[in-house]
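> Predicted model follows, preceded by the sequence.
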Amino acid sequence: MAKITFIQHDGTEHVHEGKTGLSVMEVAVKNNVPGIDADCGGACACATCHVYVDAAWLEKTGDKTAMEESMLDFAEGVEPNSRLSCQIKVSDALDGLVVRLPESQH
Amino acid sequence: MTSPDAHVVIVGAGHAGGTLAALLRQYGYAGPVTLVGEEPIPPYQRPPLSKAWLKGEADAESLALKPLEFYAENRIDFRPSVRAERIDRDRKALVLSDGTTLAYDILVLATGARAIRLPIPGADLEGILELRTAADAEALKAALGPGRTMAVVGGGYIGLEAAASARALGAEAIVLEREPRILARVAGEVLSNFFRTLHEGHGVRFLTGASVTGFRGEGGKVTGVELADGRVIDCDLALVGVGAVPNQELAQAAGLAVNRGVVVDLEARTSDPSIFAIGDVTLRPMPIYGRDFRMESVPNALEQAKQAACAITGRPAPAGETPWQWSDQYDIKLQIAGYNFDSDRTLVRGDPGSGRFAIFHLKGDQVQAVEAINSPPEFMMGRQLIGSRRPVDKQRLADPSVSMKEVAAA
């Protein structure tokens, strides 16, 4: 389990418990967090689950695959700490994770 | 703008209907919402049924759009296992199969499409399956396994995805396609050939130009598929994937405008201002192509759920979208943007032999559609070019050494 904080572009915070094994995107979608559309349901095919990972957590969320890197390269408002949340798996090590949502998905 | 206590009744608890119910709450709608579904479970994702789920890589919990308790927590009255029988537009009432009647202020039809069944001898034998619902997928999964042979009637995306999953489960798969090539209705020749070669490399067999005329059985169970030329293809199960038709009868009987789908505008409103329709059941305008058509895709279901949610809650309409879809087969990710209408030229960027290439369909200098195989840049930029209608330099587009960002910037 991990407590994950999603911060919308307007500053609204949503805090939810995520079960180990789910993706961060699934935690957001199952809790109806606005701003994560996740059109493809986690197939890494659409880039509508883009988040910014807080600096302190970047390393723990792991490496991007070539496919994720390539999709992100063409998403809007990409920063060095951008990730597709469908590609981040929840684990105990991510308890306290904070991610921010970009304006384009707002 | 809807009155704050208007009763929104959504008929159909699929991807479109479930998404709309959640979006209404996300957009701050506080009035009563009822979601009526024919299936026994809350809304779930259908695409994994032929892919990750069939291979055992996803469970029911991960398929669900929201956990069951979400609906009660958000005051969405979810009613499973019940059919809508009739709309009484004069009384603004919906009659259900359990005998109850729901009064609505706003009705949303999200009734989807159903698999076409072949009207041929033997079609009711046990072991002849279709793949649309979770229950269909359960039956298919139970029938597959090492040493089993699945005949796939129809070489479309669902059949091909199921064939790939069958191979992963150790089963044999043989695809029977009436047309001279697979994916004939939905893809060009380059893509058809690529997928056939890909599947053959994984041991899937193909018979094209193969018209299915009946099924053979023993003891009520299917044992083979009969072809027009007299051949019989032995099988333990047959999956029929030959397209779908919209579930428009409810709308039609109520006198709403239908035309191979329930006719809606860009707010997803039908010819009755109190009734919306979303998802696979609709025939909708697509401004970038200047025409109306019916789509069977998750992105379209989500887009129309947004259109309806915005219209119901008085939000500005979402920006016009470029339709897209995807398919996963083996280690190949296919992403398609746009629809290939009116194109006069096909251009292949990259080498199909490399397993990484894209097919652009152009009308003059404009991109109409792109099919990208393991090529996210071509998909993402192609999608933008389709939406913007900006002219492209064909020579640069065809040259993989010129990046897609440079192509789009030119």
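Thanks, I have the structure now.

> Please make it C-alpha for all contacts and neighbour counts, starting now.
Noted.

> quick check, distance from the helix-or-strand element of chain B with minimal mean pLDDT to the centre of its chain.
When the helices and strands of chain B are scored by mean pLDDT, DSSP states H and E, helix B:60-63 comes last with a mean of 87. With CA atoms, centre = their mean, to the nearest Å as the basis, helix B:60-63 stands 18 Å off its chain's centre.

> next structured bit after that helix?
As assigned by DSSP states H and E, the chain's next helix or strand after helix B:60-63 is helix B:68-73.

> For that following helix, which helices and strands make contact with it?
Packing partners of helix B:68-73 (3 or more CA pairs under 8 Å, 6 or more residues apart in numbering or on different chains; DSSP states H and E): strand B:76-79.

> what about the strand it packs on, near chain A?
No. Contact of strand B:76-79 with chain A (CA under 8 Å from any CA of the partner chain) is absent, the minimum separation being 13.1 Å.

> Contacts for the next helix or strand after that strand, please.
Per DSSP H and E, the first helix or strand lying C-terminal to strand B:76-79 is strand B:84-88. By CA atoms under 8 Å, 6 or more residues apart in numbering or on different chains, the surrounding residues in contact with strand B:84-88 are B:11, B:36, B:93, B:94, B:95, B:96, B:97, B:250, B:251, B:253, B:254.

> again, but for stretch B:203-217
Residues contacting stretch B:203-217 (CA under 8 Å, 6+ apart): B:120-123, B:125, B:153, B:163-164, B:167, B:172-182, B:196, B:199-200, B:222-228.

> run the last query once more with 6 Å
B:120-122, B:173-181, B:222-228 (CA atoms under 6 Å, 6 or more residues apart in numbering or on different chains).

> ok now do the residue nearest to residue B:398 when sequence neighbours are not counted, which residues does it touch?
Excluding the flanking residues, the one nearest residue B:398 by CA to CA, 6 or more residues apart in numbering or on different chains is residue B:349, at 4.9 Å. Residue B:349 sits next to B:357, B:358, B:398 when contact means CA under 6 Å, 6+ apart.

> Turn these into TSV, columns for distance to residue A:27.
Below are those laid out as TSV (distance: CA to CA, whole Å):
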residue	distance to residue A:27
B:357	34
B:358	33
B:398	41
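
> Show me the helices in chain A, by range?
Assigned helices in chain A, in chain order: A:24-30, A:66-72 (criterion: DSSP state H).

> picking up where we left off before, let's verify the residue nearest to residue B:398: helix, strand, or coil?
Following DSSP: H, G, I helix; E, B strand; the rest coil, we place residue B:349 in the strand state.

> What's the per-residue pLDDT of it here?
With respect to pLDDT, residue B:349 has a value of 97.

> that older thread, can you tell me which of the helices of chain A has the worst average pLDDT?
Among the helices of chain A, helix A:66-72 scores lowest, at a mean of 91.

> Okay, and the beta partners of the residue nearest to residue B:398?
Note on residue B:349: beta-bridge partners residue B:358, judged by DSSP bridges.

> Leaving out sequence neighbours, find the closest residue to whichever residue of chain B sits closest to chain A.
Chain A sits closest to residue B:66 of chain B, with a gap of 4.6 Å, by CA to the nearest CA. Counting by CA to CA, 6+ apart, residue B:66 lies nearest to residue A:30, which is 4.6 Å off, once chain neighbours are set aside.

> What of residue B:333?
Distances taken as CA to CA, 6+ apart place residue B:374 nearest to residue B:333, at 5.1 Å, with adjacent residues excluded.

> residues in contact with the longest helix along chain B?
Secondary structure of chain B per DSSP H: the longest helix is helix B:298-313. Applying CA under 6 Å, 6+ apart, the contact partners of helix B:298-313 are B:1, B:2, B:16, B:20, B:24, B:267, B:268, B:278, B:279, B:317.

> The fourth one belongs to a helix, doesn't it?
Yes. The assignment for residue B:20 (three-state DSSP) places it in a helix.

> And for it, the neighbour number?
Neighbours of residue B:20 under the rule other CA atoms under 10 Å in any protein chain shown: 28.

> Contact partners for it?
residue B:305.

> how near is it to residue B:299?
13 Å (CA to CA, to the nearest Å).

> what do you get for the fifth one?
Per CA to CA, residue B:24 is found 18 Å from residue B:299.

> returning to what we had before: quick check on the contacts of helix B:298-313: which are buried?
B:16, B:20, B:24, B:267, B:268, B:278, B:279 (16 or more other CA atoms under 10 Å in any protein chain shown).

> beta partners of residue B:208?
Beta-bridge partners of residue B:208, as defined by DSSP bridges: residue B:177.

> where's it relative to residue B:182, distance?
Counting by CA to CA, the gap from residue B:208 to residue B:182 is 7 Å.

> same deal with residue B:172?
Applying CA to CA, the value for residue B:172 to residue B:182 is 18 Å.

> Looking at those two now, which is surrounded by more residues?
residue B:182 (28 against 23).

> ok, that one - contacts?
Contacts of residue B:182 (CA under 6 Å, 6+ apart): B:155, B:192.

> pretty sure it belongs to a helix, no?
No. Per three-state DSSP, residue B:182 lies outside any helix segment and is coil.

> Using the three-state scheme, assign residue B:371.
Residue B:371 ends up strand, using three-state DSSP.

> didn't it look like it was pressed against residue B:336?
Yes. Using CA atoms under 6 Å, residue B:371 is in contact with residue B:336, at 4.5 Å.

> Give me the common contacts of these two.
Contacts common to residue B:371 and residue B:336, judged by CA under 6 Å, 6+ apart, are absent.

> Check the offset of stretch B:316-331 from the chain's centre.
Centroid separation for stretch B:316-331 versus its chain: 11 Å, with CA atoms, centre = their mean.

> In chain A, what residue lies closest to chain B?
Distances between chain A and chain B by CA to the nearest CA are smallest at residue A:30, namely 4.6 Å.

> Enumerate the residues of chain B near chain A.
B:66, B:376 (CA under 6 Å from any CA of the partner chain).

> residue ranges for the helices of chain B, please.
B:15-26, B:60-63, B:68-73, B:134-143, B:157-168, B:189-201, B:249-253, B:298-313, B:376-388, B:394-397, B:404-409.

> and the first one, which residues are buried?
Buried residues in helix B:15-26, counted by 16+ other CA under 10 Å: B:15, B:16, B:17, B:18, B:19, B:20, B:21, B:22, B:23, B:24, B:25, B:26.

> Just the mean pLDDT for it, thanks.
The average pLDDT for helix B:15-26 rounds to 97.

> Alright, I will stop here.
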